[in-house]
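Undergrad: Sequence isn't available, so here's the structure alone:
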C-alpha cells in the first residue's frame, strides 16, 4: 500500500447552519499548509464555498444521504417522509434501495434507470431493475422528472408539452434546483461496507 494512503484521513464537519463549519475548515486548510490565505465566509473568498449561490447566501446547498439500509428496522420511505416533515423541506429522491435490512442488495438510480448490485466486498455490478421494483421505479422517476422540471422554465415547458427530459437535462435541473433550494437531493443508500 502506498504510504500516502496510510496517512489519509476522512473528516466530517457537522453542525447547524451558521455554526462555523466552513470557517473551521478554512482554518484547518490554512494551518495545515494546503492554502496560503485564510478565507472568510463573510468576505466571499472561502475555499469551501465556491458556487456563486453559496458565496451569495454565505451558506452551502444541502444534500441528504441515507445509509445503513442493511440494518435492522431500516425504512427508506419512512425516513424520507420524516426528513420532509421534520426539516420542512422537499426531499428529491435520486436513488431507491433494492431491499432492506438483511435483503438489501443495492440501489436503482432513477436518472440512469440502472440497478447497481453490491457484493459483500462492496463491488458494484450493473443489472436489470428487479421486477418487483419496476412500478415503484416508474412512479419515482416520474416524480423526479416532475420536480426537476419545476426548477427551470425551459424544462417545465418541455415537460408540460409531453416531451421526455434527457438524463443531462435532469442532472442540470437537479443542480439548479439544489442551488436555488427548490428541493434537497437525497443521495445513494448503502451499507457501511462500501
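TA: Now that the structure is in, tell me what you want to look at. These numbers come from a predicted model, not from an experiment.

Undergrad: for residue 117, helix, strand, or coil?
TA: Residue 117 falls in the strand class when you classify it by DSSP: H, G, I helix; E, B strand; the rest coil.

Undergrad: Could you tell me which helix of this structure is the longest one?
TA: Criterion DSSP state H: the longest helix present in the chain is helix 134-149.

Undergrad: what's it in contact with?
TA: If you take C-beta atoms under 8 Å, 6 or more residues apart in numbering as the criterion, helix 134-149 is touched by 90, 92-94, 96, 108, 110-111, 113, 129, 155-156, 158-160, 165, 169-170, 173-174, 177, 182-183. In this view, the C-beta of every residue, glycine as well, is placed from N, C-alpha and C.

Undergrad: Check these for burial and list the buried ones.
TA: By neighbour count, with 16 or more other C-beta atoms under 10 Å, the contacts of helix 134-149 hold 92-94, 96, 108, 110-111, 129, 155, 158-159, 165, 169-170, 173-174, 177, 182-183 as buried.

Undergrad: among the residues you listed, which are in helices?
TA: Those of those mapping onto helices are 155, 158, 159, 169, 170, 173, 174, 177, per DSSP H.

Undergrad: Was I right to think the second one contacts residue 165?
TA: What that stands for is residue 158. Yes: with contacts counted by C-beta atoms under 8 Å, residue 158 reaches residue 165, the gap being 6.4 Å.
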